[in-house]
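[1] take this sequence and fold it.
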Amino acid sequence: MSDPGAQDTENGDRAMSFSRRVRRSMARRFPRARKVYHLLLRAGRRVRNFPRQSAVTTRWLWNCRREIRRRQKEPRLTIGIDISPLWEPLTGVGWYLYRLLEHLAYRDDVRIRLYPPTIIESFLSPYPDPTVEPPSGPALEIVSFELPGDLVIDDEPAVQWLRKREASLVTRDRNRVLFAPNYFLPRLFNGVPGALVATIHDLGFRKVPWTLRDETLDGLAARLDQTLTGAELLITVSNTVRDELVAFEYATPEQIRVVHHGAGLLEGIEVGELPTGIPELFALHVGTLEPRKNISSLLACWRLLRDQMSAVPTLVLCGRFGWKTLELEAEVAAAEEEGWLRHLGYVPEDELARLYVQASVVVFPSLYEGFGLPAVEAMAAGTPLVCSDIPVLHEVAGDAALFASPERPEEMALQVRRLLADESLRRELISLGAERLAEFDWHKTAEETLAVWREAAESVDPPTNKAG
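    Reported below is the predicted structural model:
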C-alpha cells in the first residue's frame, strides 16, 4: 500500500523541479529580465529592513560622535602613535615600540592613542590580527570604529568608504603630538595636524646603500624628506646616527634628541630550554641574515679558526634569511653540511635567551648598525662579546667588548681565539658589560621619549580643546 505523504512529497519535488527548469530556461533566454528580477527582490528586502537598519546606523553614528567628543575633551597630553609595526614580523623596530608602550602604559599624566593599520573594523571584512598584542594600561587607548552588521549601506562599500576617510577621523581626535616610531608616518596620518616626532634608527641607505633592497631605498627616497622637513623634533637611537644626520645635512643638532634603547629585546623574558641539537660549546650570532650583517666574513673567520684550533665552537646563527642572500644561502648550506654551523632561523624569545646565556661568545661583525641591540643583549646575558670596529658599537659596548675590522676575518678570528683561551679576559669583559648595562634601561628610554614628546607639544601652539 503506497504512502500518501510520500506521494505528495514526490509530486511536490516534481513540480519544484519543473518550476526550476522553467526559471532557468527563462533566465537563459531573457538575462536582463533575470537581473531586474533580482534587483527588485533586493530592493524589496532593503525597503522591509530600512527602519531597523536606519535605527542601527543612527545609533552607531551617535556613539562614534560621542567617542570623538570624549577624545577631544582629553585634558592630558595626547599622543597619536602608528602601531602598524606590531602587525609585521617583530624585528628591532617592533620591539622598540612595544617596550616604549609597555613602560608608559600606567602613566596618569599622558594619553597615548594607538592607531592600527586601519581603524575601521568589521566582522564581515576583518583585518588580520597583530603579530603581538599591543600592551595595555590606563594611559593607552586603541582607537577603532567597529561597524555593526546592519547599516543602511552594505558592509563592504561602507568599509571601503570609511577607510578612505580614516585620516579625517584621526584629525578629529586633535592629538597634540604624532609619533612615527619608524622614520615616517603611515597613510592613516596623511594631513593630520600635530607636532610630529619621528625616530630615525639608522642611515644605512646612505652609509651602505648596496646592502638594502631597492624598494626600501625607493621608499626612503620618496618619503623621508617629508618627515625631515615636517618633524618638530627627531629622535635617534645613538649619538652616531645623530652625527650622521648632521653630516648629511638632514637636520641640525638642535632638532635631534638622542635616546638610547633599553637592555635589549629580551628584558623580562623567562629563560627557556636550548633548541634541540645545540652542542655544549657554541658561539652565537643574532640577526636577520642580510648583507649589512656581514655573515660571509663571519663564515670566513670560522674557517680560519678551524685551521688554527683543535676545538672550535659550533657557530649558531639565529635569524631568517633576508634579502640579497642567494650566495650566502649556499655558503650556509655548505657549512651545515660540513658540521660546524647551525642555522636556526627564527627562535622563540625564551630559547633565544637561553642561547645568549650559554654561548661561549657572541659575535657581531656588522658592517653598519644604528644601535646594535645584540651587543646589549650579550652584556645582559653575561656573555663576552666580539664585534666589528665601527663607531656605534664602540658607543654601545665601550670597553666591554673586543673589536675587529668587519672587513678582516683574520682579525675577528684572533679576537675570538683570545676570548676562548683567556678565562681572566672573559671574566673582565663580563664584569665590564654588567657595569655598562646600567646605562641601558627601557624605563629610562620611555621617560626620555616622553620628554621629547612634551617638548615638541610645547614648541607649537596647542589646538583648541572645544568639542566640535
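
[2] in space, what's closest to residue 228 - neighbours in sequence excluded?
    Among residues not flanking residue 228 along the chain, residue 250 sits closest, at 5.3 Å (Cβ to Cβ, 6 or more residues apart in numbering). Yep, even glycine has a C-beta here, placed from its N, CA and C like the rest.

[3] A helix includes the one you found, no?
    No - Residue 250 is assigned coil when assessed by DSSP: H, G, I helix; E, B strand; the rest coil, not a helix.

[4] and it, its phi and psi?
    Phi and psi for residue 250, reported as degrees, to the nearest 10, are phi -80, psi -30.

[5] confirm for me that it is in contact with residue 229.
    No - judged on Cβ atoms under 8 Å, residue 250 makes no contact with residue 229 at a distance of 9.7 Å.

[6] surely residue 110 touches residue 79?
    Yes - Residue 110 lies in contact with residue 79 (Cβ under 8 Å); the separation is 6.8 Å.

[7] joint contacts of these two?
    Common contacts of residue 110 and residue 79 (Cβ atoms under 8 Å, 6 or more residues apart in numbering): residue 453.

[8] got any ranges where the stretch 251-400 of the chain has weak pLDDT?
    Applying pLDDT under 70 to the stretch 251-400 of the chain flags no residue at all.

[9] quick one, helices of it?
    Ranges of helices in the stretch 251-400 of the chain, per DSSP state H, counting those that start in this stretch, are 295-308, 326-338, 349-358, 373-381, 391-397.

[10] show me the contact partners of the longest one.
    It stands for helix 295-308. Where contact means Cβ under 8 Å, 6+ apart, the residues beyond helix 295-308 that reach it are 285, 289, 312, 315, 317, 327-328, 331-332, 335, 340-341, 363, 365, 406-407, 409-410, 412-413, 416-417.

[11] got a list of what residue 78 touches?
    Residues in contact with residue 78 (Cβ under 8 Å, 6+ apart) are 71, 110, 111, 112, 113, 173, 174, 175, 176, 177.

[12] ok, residue 288 next?
    Residue 288 makes contact with 91, 319, 320, 321, 322 under the criterion Cβ under 8 Å, 6+ apart.

[13] and what of residue 457?
    By Cβ under 8 Å, 6+ apart, the residues touching residue 457 are 77, 176, 177, 195.

[14] per-residue confidence at the closest residue to the second one other than its chain neighbours?
    With sequence-adjacent residues excluded and distances taken as Cβ to Cβ, 6+ apart, residue 176 is closest to residue 457, at 4.4 Å. Among the per-residue scores, residue 457 holds a pLDDT of 95.

[15] got the phi and psi for residue 457?
    According to degrees, to the nearest 10, residue 457 has phi -60, psi -40.

[16] and residue 110, by the same measure?
    Note on residue 110: its backbone torsions stand at phi -150, psi 150 [degrees, to the nearest 10].

[17] identify the bridge partners of it.
    Bridge pairing for residue 110 (DSSP bridges) gives the partners residue 77.

[18] distance of it from residue 254?
    24 Å (Cβ to Cβ, to the nearest Å).

[19] coming back round to it: as JSON lines, the contacts of residue 78 with neighbour count, pLDDT and secondary structure would be great.
    What follows is the contacts of residue 78, written out as JSON lines (neighbours: other Cβ atoms under 10 Å; pLDDT from 0 to 100; DSSP: H, G, I helix; E, B strand; the rest coil):
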{"residue": "71", "neighbour count": "18", "pLDDT": "92", "secondary structure": "helix"}
{"residue": "110", "neighbour count": "18", "pLDDT": "96", "secondary structure": "strand"}
{"residue": "111", "neighbour count": "21", "pLDDT": "97", "secondary structure": "strand"}
{"residue": "112", "neighbour count": "27", "pLDDT": "97", "secondary structure": "strand"}
{"residue": "113", "neighbour count": "19", "pLDDT": "97", "secondary structure": "strand"}
{"residue": "173", "neighbour count": "21", "pLDDT": "94", "secondary structure": "coil"}
{"residue": "174", "neighbour count": "23", "pLDDT": "94", "secondary structure": "coil"}
{"residue": "175", "neighbour count": "27", "pLDDT": "95", "secondary structure": "coil"}
{"residue": "176", "neighbour count": "23", "pLDDT": "95", "secondary structure": "coil"}
{"residue": "177", "neighbour count": "25", "pLDDT": "96", "secondary structure": "strand"}
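
[20] out of these, who's nearest residue 207?
    Of all the contacts of residue 78, residue 207 sits closest to residue 177, with 29.3 Å by Cβ to Cβ.

[21] that closest one pairs with what?
    Assessed by DSSP bridges, residue 177 has beta-bridge partners residue 79, residue 195.

[22] wouldn't it be in contact with residue 76 here?
    No - the pair residue 177 / residue 76 is not scored as a contact, 11.6 Å apart, by Cβ under 8 Å.

[23] what sits in contact with each of those two?
    Joint contacts of residue 177 and residue 76 (Cβ under 8 Å, 6+ apart) do not exist.

[24] who's in contact with residue 391?
    Residue 391 touches residue 240, counting by Cβ under 8 Å, 6+ apart.

[25] wait, what's in contact with the residue nearest the centre of the chain?
    Nearest to the mean C-alpha position of the chain, by Cα atoms, centre = their mean, lies residue 85 at 2.6 Å. For residue 85, the contact set (Cβ under 8 Å, 6+ apart) comprises 93, 94, 97, 181, 182.

[26] among those residues, which one lies nearest to residue 127?
    residue 94 (17.2 Å).

[27] is it true that the closest one lies in a strand?
    No - secondary structure of residue 94 (three-state DSSP): helix, not part of a strand.

[28] could you find the closest non-adjacent residue to it?
    Using Cβ to Cβ, 6+ apart, the closest residue to residue 94 is residue 85 (4.3 Å).

[29] and that neighbour, that's in a strand?
    No - assigned with three-state DSSP, residue 85 falls outside any strand and is helix.

[30] how close does it sit to residue 179?
    Residue 85 is 12 Å from residue 179, by Cβ to Cβ.

[31] contact partners for residue 167?
    Counted by Cβ under 8 Å, 6+ apart, residue 167 has contacts 187, 188, 189, 190, 191, 192.

[32] buried members of those into ChimeraX, please.
    Applying 16 or more other Cβ atoms under 10 Å to the contacts of residue 167, the buried members can be selected in ChimeraX as follows:
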select :188,189,192
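
[33] tabulate the contacts of residue 167 (CSV), appending pLDDT, distance to residue 160 and secondary structure.
    Converted to CSV, the contacts of residue 167 look like this (pLDDT from 0 to 100; distance: Cβ to Cβ, whole Å; DSSP: H, G, I helix; E, B strand; the rest coil):
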residue, pLDDT, distance to residue 160, secondary structure
187, 81, 14, helix
188, 84, 15, helix
189, 88, 20, helix
190, 85, 17, coil
191, 87, 19, coil
192, 91, 20, coil
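
[34] kind regards, and thank you for your time.
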